[in-house]
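Asks: Sequence and predicted structure below; questions after.
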Amino acid sequence: MIAYVFLGVGCTGVVGLILIVVAWRSGTGSGARRATLTKSEMRHELLLARHQLDGSGHYIGRLEHDLGDAYEELDATRDQRDNALAAVEKAGLRIAELEEQVRDRDQLRDTVRALKAELANARRITPLPPHGATPPPGARVIPLHQTPFAISPAPRPS
């Protein structure tokens, strides 16, 4: 029985506290002030709130549509980025291949120069030493008609 008494006192205290808070907040435009509005004013406020809700719904719909457009643009941009990265990778491979070809070309050019120098030395024509003189050491002396790549054959000595 005493529990019921304490329960009743507690509930009464809570209700009293709620009434005090409502009375205190009534100056801010919410709570008990609404009870003083007429039905037409309340209907007007409800209509305004519904219009705001509809406007918010349209605004949210536009935002969702813009978000969808942004995602599509993001996907297109990602595709472009992926294509660009693939092109860069392909270009890097092509550059490496071309650099290797340049090294091979330089090596072949050096080989050709060495062979041309060797050929020029092999086709070198040195004049015959004066009659009776000995040729210098290492000189290769051949008759003129036996020289390599002669334009016209020289007459044989008689």
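Replies: Yes, it's here.

Asks: Quick one: mean pLDDT for the top helix by length along the chain?
Replies: The helix that spans the most residues within the chain, counting by DSSP state H, is helix 39-122. For helix 39-122, the mean pLDDT works out to 91.

Asks: That helix - contacts with which helices or strands?
Replies: Helix 39-122 sits against no helix or strand, with contacts defined as 3 or more Cβ pairs under 8 Å, 6 or more residues apart in numbering; DSSP states H and E. Quick note: C-beta positions are derived from backbone N, CA and C, even for glycine.

Asks: Can you give me the distance of residue 107 to residue 52?
Replies: Look at residue 107 and residue 52: by Cβ to Cβ, to the nearest Å, they are 81 Å apart.

Asks: ah, wrong one, I meant residue 112
Replies: 87 Å.

Asks: again with residue 101
Replies: The gap separating residue 101 from residue 52 is 72 Å, by Cβ to Cβ.

Asks: Show the pLDDT at residue 32.
Replies: Looking at residue 32, the pLDDT reads 50.

Asks: Quick check: nearest residue in space to residue 37, chain neighbours excluded?
Replies: residue 45 (7.5 Å; Cβ to Cβ, 6 or more residues apart in numbering).

Asks: Any idea how many residues pack against residue 64?
Replies: Residue 64 has 10 neighbours, counted by other Cβ atoms under 10 Å.

Asks: now do the one 4 residues further on
Replies: Residue crowding around residue 68 was assessed by other Cβ under 10 Å; the count is 10.

Asks: likewise residue 39?
Replies: 7.

Asks: In contact with it, which residues?
Replies: By Cβ atoms under 8 Å, 6 or more residues apart in numbering, the contact list for residue 39 is empty.

Asks: do you know how far it is from residue 50?
Replies: Using Cβ to Cβ, we find residue 39 at a distance of 16 Å from residue 50.

Asks: in what helix or strand does residue 135 lie?
Replies: Using DSSP states H and E, residue 135 falls within no helix or strand.
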